[in-house]
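# need the 3D shape of this:
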Amino acid sequence: MPDDWQCAPMKIIKNPWRHAPLPAAITEIQGTVRSDPAGVFTLLARCPAAHKTPLVECAPLAQALGIARLTIKDERGRMGLGSFKALGAAYAIAKEAHKRLGDKLFGEGAAKTALVGKTYVAATAGNHGLSIAAGARVFGAKAVIYIAQTVDESFATQLRSFGAEVVREGAEYAASLAAAERAAQANGWQLLSDTSWPGYTELPLDVMEGYLVMASEAATDIEAAKWQPTHIFLQAGVGGLAAAVCAHLRTRWGDGPTIIVVEPDAAPALQASIEAGKPLITIGPISNMGRLDCKEPSHLALKLLAQGADFFQTISDAYTEQAIAELADHALATSPSGGAGYAGLKAALADGSLGLTPDSQVLLFLSEGPIGG
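Okay, the predicted model is just below:
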């Protein structure tokens, strides 16, 4: 199998840095993605909405695909927000509230005023903003969320329903992020991004730490059933989900599973950065995988995935749209972003690549419900 090949509807590269010294531009990235979710579970244990999400065995789909097993971690019901993102920013905000009040936070009524006077600001291409809005509301803080002009108004309405102030600025996510940064500096607000860059790592690390929960839940259920995935497909925007899941599952299962990171071909930020050996800003059209349509990677996520992922795959919008229709037929309706991992699996099977065989056992993460991109 060649290290790099391309065919419609995907491009996939073998990670040259896996089990090899990282290039200097990636080694120099400060910080390390955490792999232990114990601290997150401690806080979530006090949250009434923090129920475990299901691990779904999809035998009919596996049979149709010609593989031995397809198992999907279904995050659509996570904490009532419809997305894995509920574990990220909301956890980072809860962690800040706990730092301020300690265990007094869990006293009657304490949470509602724990962060009064504090404002969190962020840009979002999707559910990260909902997580901030929900977390801020629980702890008495304010949320100001910047979205691009292309984001559907129904999502802005949903953000407002959680108490957020919504500001539209910029043609795409990167411009919204720049606007959020300016607002944070001008107003003394706390920027809470799910991506990291030089000099901004602490809060993105907290956000990614929250995502460890879904990886831990999936691994615990899988180990109880006495099997282990051969392949894991992880969709990526800036890379936070993929990095957190990769970090935790490598500690559980070592080099056993083949881990594939899946991105839109309109936003191949991680794949291009891996090829270049340094963080890159990419360009491309707007993708229907709106939550994944991020043209620049999180630097922390890039560093972790350069060490832990085996392949980086890009897929087309049209193919992803077709692929996720099959999930809806099996009561797993999702958006193009939420089902990108499944589209990546389908494309790899059609291509005959990645060592997938009739004996393969695949783990996917359904990261959100069908609303939005």
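
# pull the contacting residues for the residue sitting nearest the centre point of the chain.
Geometric centre of the chain, nearest residue: Leu241, 2.9 Å, by C-alpha atoms, centre = their mean. Residues in contact with Leu241 (C-beta atoms under 8 Å, 6 or more residues apart in numbering) are Phe84, Tyr211, Leu234, Gln235, Phe365, Ser367. C-beta: built from backbone N, CA, C; applies to glycine.

# what's the closest of those residues to Gly355?
Set against Gly355, the nearest of these by C-beta to C-beta is Leu234 (16.8 Å).

# run a quick neighbour tally on the closest one.
27 (other C-beta atoms under 10 Å).

# quick one: it is in a strand?
Yes - counting by DSSP: H, G, I helix; E, B strand; the rest coil, Leu234 is located in a strand.

# in space, what's closest to it - neighbours in sequence excluded?
Ala242 (4.0 Å; C-beta to C-beta, 6 or more residues apart in numbering).

# which stretch of helix or strand covers the one you found?
In the assignment (DSSP states H and E), Ala242 maps to helix 240-253.

# can you point out the buried residues in that helix?
240-250, 252-253 (16 or more other C-beta atoms under 10 Å).

# ok, which pair from the contacts of Leu241 is furthest apart?
For the contacts of Leu241, the farthest-apart pair by C-beta to C-beta is Tyr211 and Gln235; their separation is 12.4 Å.

# one step back: which SSE is immediately downstream of the helix holding Ala242?
Taking DSSP H and E, what comes next after helix 240-253 is strand 258-264.

# pull the CA atoms of that next one into CSV?
Output of strand 258-264 as CSV, limited to C-alpha atoms (Å, rounded to 0.1, in the frame of the first residue of the first chain):
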residue,chain,number,x,y,z
THR,A,258,-5.7,1.7,13.4
ILE,A,259,-6.9,5.3,14.1
ILE,A,260,-8.0,7.3,11.1
VAL,A,261,-8.7,11.1,11.3
VAL,A,262,-11.5,12.2,8.8
GLU,A,263,-11.8,15.8,7.5
PRO,A,264,-13.8,17.6,4.8
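
# taking helix 240-253 as reference, get the angle to it.
For strand 258-264 against helix 240-253, the angle by axes from the mean of the first three to the mean of the last three C-alpha atoms, to 10 degrees is 180 degrees.

# can you pull out the low-pLDDT segments for the protein?
For the chain, applying pLDDT under 70 flags the ranges 1-8, 46-49, 80-82, 126, 371-373.

# got the contact list for the residue nearest to Pro54 when sequence neighbours are not counted?
Spatially, and ignoring its direct neighbours in sequence, Pro54 is nearest to Asp74 (5.1 Å; C-beta to C-beta, 6+ apart). Counting by C-beta under 8 Å, 6+ apart, Asp74 touches Thr53, Pro54, Leu55, Val56, Leu332, Leu366.

# Asp74 bridge partners, please.
Leu366 (DSSP bridges).

# and it, how far from Gly369?
According to C-beta to C-beta, to the nearest Å, Asp74 and Gly369 sit 10 Å apart.

# one more: Asn15?
From Asn15 to Gly369 the distance is 31 Å (C-beta to C-beta).

# of these two, who's got more company?
Asn15 (22 against 19).

# the more buried one: what's it in contact with?
With C-beta under 8 Å, 6+ apart, Asn15 has these contacts: Ile274, Leu305, Ala306, Ala309, Asp310, Phe311, Phe312.

# contacts only, for the second one.
Leu305 makes contact with Asn15, Ala236, Gly239, Ala242, Ala243, Cys246, Val261, Leu270, Ile274, Phe312 under the criterion C-beta under 8 Å, 6+ apart.

# rerun that using 10 Å as the cut-off
15, 17-18, 26, 33, 234, 236, 239, 242-243, 246-247, 259, 261, 270, 273-274, 297-298, 312 (C-beta atoms under 10 Å, 6 or more residues apart in numbering).

# what does the fourth one give?
Taking C-beta under 10 Å, 6+ apart as the definition of contact, the neighbours of Ala309 are 15, 17-18, 232, 234, 236, 239, 242-243, 246, 250, 258-261, 270, 274.

# same thing but at 8 Å, please
Ala309 makes contact with Asn15, Arg18, Leu234, Ala242, Cys246, Ile259, Ile260, Val261, according to C-beta under 8 Å, 6+ apart.

# and what of Arg252?
Counting by C-beta under 8 Å, 6+ apart, the residues that Arg252 touches are Ala219, Glu223.
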